[in-house]
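Trainee: Predicted coordinates and the sequence they were generated for:
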Amino acid sequence: MSDDTRSLAEGPRTAIRPFTLDDAEEFTARVRESAALHRPWLFPPATPEKYTAYAGALIEDPTKAGFLVCERDAADGAGAIAGFININNIVAGAFRCGALGYGAFAHAAGRGLMGEGLELVLDHAFGPLALHRLEANVQPDNAGSIGLVRRAGFRLEGFSPDFLYIDGAWRDHERWAITADMR
Ligand SMILES: CC(C)(COP(=O)(O)OP(=O)(O)OC[C@H]1O[C@@H](n2cnc3c(N)ncnc32)[C@H](O)[C@@H]1OP(=O)(O)O)[C@@H](O)C(=O)NCCC(=O)NCCS
């Protein structure tokens, strides 16, 4: 196994590892299967061409860090991809903050795998990445996303009207966040 596909951290049922360009086929097939789960909240790349640009930025851009949440004992034994959790807009200096984006894949949703994967990402972000704060900006009707971050110990900091441009319009968002000292 190359360094690129080695786990960064492991929990009882999941492991997190970086995105690689070789994951295009599996990732985009799972995205296409998951449209009903993701929309209208999330629009990840559904073709290998779009994946290459998306994963390339996560791999190379120092303001981003992307993690594939893999199921350790998946039927194929190869660590099938259950979902992904990305840290975007990483700012260093006195802020040391990043903004989360995430999605489960349909076959893995609702099984607690993303909750475990998020714990691993938080450990990695506040450990090796030395971040101080992670935020999750969520549309108020997105119960699954709010459930995930609430369960992980994020606190609701506020509400921002017209905060992010998603699916053709500026959308209101709840501002959830966690700091390293809350772990
Ligand atoms: C958000 C998302 C990744 C959660 O994935 P998941 O597979 O349901 O997560 P898990 O099964 O690990 O559940 C994690 C926690 O969230 C809670 N949760 C999940 N869905 C929930 C819902 N609809 N309402 C309330 N809580 C919910 C679970 O109960 C669990 O907490 P628990 O351990 O106390 O029971 C998934 O719903 C998804 O991909 N949504 C569409 C994409 C999206 O909205 N991305 C984020 C945009 S801000």
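Mentor: Sure thing, it's come through.

Trainee: CA only for contacts and neighbour counts going forward, please
Mentor: OK.

Trainee: Could you pull up the contacting residues of the nearest residue to residue 6 once chain neighbours are set aside?
Mentor: Leaving aside its chain neighbours, residue 6 sits nearest to residue 17 (6.2 Å; criterion: Cα to Cα, 6 or more residues apart in numbering). Neighbouring residues of residue 17 by Cα atoms under 8 Å, 6 or more residues apart in numbering: 4, 5, 6, 7, 8, 9, 67, 68, 69, 70.

Trainee: I'd like to know which of those residues is nearest to the ligand.
Mentor: Using Cα to the nearest ligand atom, residue 69 comes nearest to the ligand of the contacts of residue 17, at 10.5 Å.

Trainee: Could you spell out the sheet neighbours of the helix or strand encompassing the closest one, each with its direction?
Mentor: In this structure, residue 69 sits in strand 65-71 according to DSSP states H and E. Counting by DSSP bridges, the strands paired with strand 65-71 are strand 14-18 (antiparallel), strand 81-91 (antiparallel).

Trainee: before we move on, the earlier item: roughly how far does the residue nearest to residue 6 sit from residue 177?
Mentor: As for residue 17, its distance to residue 177 is 23 Å (criterion: Cα to Cα, to the nearest Å).

Trainee: got the residues of this structure near the ligand?
Mentor: 37-38, 41-42, 101-104, 109-115, 137-138, 143-145, 147-148, 151 (Cα under 6 Å from any ligand atom).

Trainee: Which of the residues you listed are buried, as a PyMOL select command?
Mentor: To isolate the buried members of the residues of the chain next to the ligand in PyMOL, using 16 or more other Cα atoms under 10 Å:
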select buried, resi 37+38+41+101+102+103+104+109+113+114+115+137+138+145+148
